[in-house]
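**Q** Got a sequence here, can you build the structure:
(one chain, ligands or ions: 1)
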Amino acid sequence: MSRGTRAVIDLSALQHNFRRVKTFAPQSKVLAVVKADGYGSGAVQVAQALADADGFGVATFAEAVTLRQAGITQPILLMEGVLDPCELQQAAQQRFEVVIHQDWQLQMLLDTAIAAPLVVWLKVDTGMHRLGLPPQRVLDVWDSLRTSAKVSALRLMSHLACADEIDHPLNTSQRDTFATLAKSTGARTCSFANSAGIVRGEPFHYQWVRPGIMLYGATPVNEASAAELNLKPVMQLESSVIAKSVVPAGQTVGYGATWKASHDTPVAVVAIGYGDGYPRHVSKDAFVLIGGKRCPLVGRVSMDMLTVDISAVPDAPINAPVILWGNGLPVEQVARWAGTINYELLCQVTDRVQRVYQAH
Ligand SMILES: Cc1ncc(COP(=O)(O)O)c(C=O)c1O
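**A** I've put the predicted structure just below:
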């Protein structure tokens, strides 16, 4: 018997979600965002399965190197740019595209000898106030880059802060600021939309879109579920029952004795815990699926195990498969119980959880 704790990665669902991106933004090229190890699903396997992607977006230099070493030939964009001259030189050698979001990065590019000119994406801060040049600096910097022999192509990008909220005023103000800058720079290649921006429609799309979360089959917007957007879950987190007992009325379960049986209750131990990335803090509403039936968590989640009331499936055997999230139990639901977001849960599945790849 194996522990049964695994993340099943459905590459067909990933490809389906990619096609959904193309349906939302048919005119745009797609930079598939595969940072944080492909949102926990495995950056290399995701990139290999997305052969039709026009490029890949990563956060760190090491993530880009991993993709190149695995034989990924499409453009790879370092979405935070490079951190030092050495990375810059290697970026040129490995044909990574770079973001420039502040003057120190511009200066570094101008001061550093590189083997080949780079594709540069100038990032502008249209209102998120995280990375990006202030709009009033953009024209100057655009001109310095446009005339530099170190730049083979110059592009404009920005990032949305609140596109998950349909009515947030930043959506339109960021969109208008970006549209103005796209016009004043004369940029022919621009990128603005993350997944939520893709769902928000054509004014957000431009020449390249940058989907992350929707590729993984999770919803990027508050007002619609993944199923309503016709996105299919890519990661299903699974485990299995490793022990069963009947907890007598009045007895408690787990650390801190936080749950007390009001009547004799059949309880199963499931071989997954916060050491695997299942969140320790979930509300009292949390459940898992065993045989398609909802089994509420009882007691605290521990590092390697959690305990569930199996009154709905009292005959579930040792080794019975358990779904923590995936088909029939969206990751968003678990995120709500844990007071977090789908992104965090997908990314924090730990290394000891085997990723098992399926395509059908
Ligand atoms: C610059 C940039 N573009 C695109 C994305 C993809 O965002 P999402 O996963 O919301 O689609 C991210 C992720 O945070 C990002 O940082």
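**Q** Could you point out the longest strand of the protein?
**A** Ranked by residue count under DSSP state E, the longest strand found in the chain is strand 235-247.
**Q** element containing residue 263, please.
**A** Using DSSP states H and E, residue 263 sits in no helix or strand.
**Q** Output the helix or strand hosting residue 86 in CSV, but only the C-alpha positions, please.
**A** Per DSSP H and E: residue 86 is located in helix 85-93. Written as CSV, here are the backbone C-alpha positions of helix 85-93 (Å, rounded to 0.1, in the frame of the first residue of the first chain):
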residue,chain,number,x,y,z
PRO,A,85,24.9,42.2,-14.9
CYS,A,86,25.8,38.5,-14.9
GLU,A,87,22.1,37.6,-15.3
LEU,A,88,21.8,40.2,-18.0
GLN,A,89,24.7,38.7,-19.9
GLN,A,90,23.3,35.2,-19.6
ALA,A,91,19.9,36.4,-20.5
ALA,A,92,21.3,37.6,-23.8
GLN,A,93,23.1,34.3,-24.4
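**Q** Does anything pack onto the helix or strand following the longest strand of the chain? Which helices or strands?
**A** Per DSSP H and E, strand 235-247 leads on to strand 252-253 as the next helix or strand towards the C-terminus. Judged by 3 or more C-beta pairs under 8 Å, 6 or more residues apart in numbering; DSSP states H and E, the packing partners of strand 252-253 are strand 259-260. C-beta coordinates here come from the backbone N, C-alpha and C atoms, glycine included.
**Q** where in the stretch 201-350 of the chain is pLDDT low?
**A** Judged against pLDDT under 70, the stretch 201-350 of the chain has no low-scoring part.
**Q** who touches the closest residue to the ligand within it in this structure?
**A** Closest to the ligand within the stretch 201-350 of the chain is residue 212: 2.4 Å, counting by C-beta to the nearest ligand atom. Residues near residue 212 by C-beta atoms under 8 Å, 6 or more residues apart in numbering: 32-33, 35, 39, 57, 194-195, 343.
**Q** of those residues, buried ones?
**A** Among those, those classed as buried by 16 or more other C-beta atoms under 10 Å are 32-33, 35, 39, 57, 194-195, 343.
**Q** what about the top helix by length along the chain, near the ligand?
**A** In the chain, assigned by DSSP state H, the helix with the most residues is helix 169-185. No - Helix 169-185 lies out of reach of the ligand by C-beta under 6 Å from any ligand atom, never closer than 13.0 Å.
**Q** who touches that helix?
**A** Contacts of helix 169-185 from elsewhere in the structure, counted by C-beta under 8 Å, 6+ apart, are 124, 126-128, 135, 138-139, 142, 156, 158, 160-163, 165, 187, 190, 192, 200, 203-204, 206.
**Q** quick revisit: identify all contacting residues around the following helix or strand past the helix holding residue 86.
**A** Sequence order places strand 96-100 as the next helix or strand after helix 85-93, per DSSP H and E. Strand 96-100 is contacted from outside by 55, 61, 64, 68, 75-82, 88, 90-91, 105-106, 109, 118-123, 131, 141, 145, 157, using C-beta under 8 Å, 6+ apart.
**Q** Sketch out the helices for the protein, chain order is fine.
**A** 11-24, 35-39, 43-49, 61-69, 85-93, 103-111, 135-146, 169-185, 195-200, 331-338, 342-347.
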